[in-house]
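Asks: Could you look at this predicted model? Sequence included:
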Amino acid sequence: DQQVKQNSPSLSVQEGRISILNCDYTNSMFDYFLWYKKYPAEGPTFLISISSIKDKNEDGRFTVFLNKSAKHLSLHIVPSQPGDSAVYFCAARLTTSGTYKYIFGTGTRLKVLA
Amino acid sequence: DVKVTQSSRYLVKRTGEKVFLECVQDMDHENMFWYRQDPGLGLRLIYFSYDVKMKEKGDIPEGYSVSREKKERFSLILESASTNQTSMYLCASSLSRRGKETQYFGPGTRLLVL
């Protein structure tokens, strides 16, 4: 049962436009959400995160929005650049008995066209 | 700068062989994780550890075991490799501290089991 879902396997966007990547989750106990970017043959690198008590977090060109009632988060990249082309993973953290566990979505491949 | 290193980038093994994947982090992180990444399935958690000699099963522990004898090192063991364990294996570490929820990933080990 996929607790974190990224329903769009791929997305193409023109350079300079906005990229919006979406993520849905089912477990209301998740306390933290993160976005990672992954290039081929490399490990994922952290991009931006948001606590479950917030609804927006911004870092430069990247903004993450959290809608708890809809159990939905999105990553906005403005403006999109060719170097942003990568696979983006959404992850959610579950804290149980003092230990942390992260659950990842299946990823969305973003292609930014020059 | 956090560094997570994995012993091999590429490995080719035969069915039935015992395989050791090593992961070392240099930032004194309490938590360490092993994932596998497969197309269309995202990152799936195999095992994680929140302290030396402690281990917890993730979502897909079957066919794997782990060892954490020292804080900086977390080993993944395939007792008898099978072809369905061909995958990209990713190690990660994180702190157990509020505001430091990010996981840091190694570069990955691409394992091919023949």
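Replies: Sure, I can see it.
Asks: which parts of chain B sit against chain A?
Replies: Counting by Cβ under 8 Å from any Cβ of the partner chain, chain B comes close to chain A at B:4, B:9, B:31, B:33, B:35, B:40-45, B:48, B:50, B:56, B:58-59, B:90, B:92, B:94, B:96, B:101-108, B:110. From N, CA and C alone the C-beta is placed, and that goes for glycine too.
Asks: Looking at residue 23 now. What's its pLDDT?
Replies: Defaulting to chain A. pLDDT for A:C23: 97.
Asks: my question was about chain B
Replies: 97.
Asks: my read: it touches B:W34, true?
Replies: Yes - B:C23 lies in contact with B:W34 (Cβ atoms under 8 Å); the separation is 7.3 Å.
Asks: shared neighbours, these two?
Replies: Here B:C23 and B:W34 have B:74, B:76, B:91 as joint contacts, going by Cβ atoms under 8 Å, 6 or more residues apart in numbering or on different chains.
Asks: thought the last one was touching B:M32?
Replies: What it means is B:C91. Yes - if you go by Cβ under 8 Å, B:C91 and B:M32 touch, sitting 6.9 Å apart.
Asks: for chain B, which spans come out with low pLDDT?
Replies: B:1-2, B:97-100 (pLDDT under 70).
Asks: same check, this time on chain A
Replies: A:1.
Asks: Just to be sure, which of the residues of chain B next to chain A are found in strands?
Replies: Counted as lying in strands by DSSP state E, out of those, are B:4, B:31, B:33, B:35, B:42-45, B:48, B:56, B:90, B:92, B:94, B:104-105, B:110.
Asks: Identify the farthest-apart pair in these.
Replies: The span of these, defined through Cβ to Cβ, is set by B:E56 and B:R110 at 25.3 Å.
Asks: The residue in chain A positioned nearest to chain B: neighbour count?
Replies: Proximity of chain A to chain B (Cβ to the nearest Cβ) peaks at A:G43, 3.3 Å away. By the criterion of other Cβ atoms under 10 Å in any protein chain shown, A:G43 has 21 neighbours.
Asks: Correct me if wrong: it contacts B:P107.
Replies: Yes - with contact defined as Cβ under 8 Å, A:G43 counts as touching B:P107 (5.0 Å).
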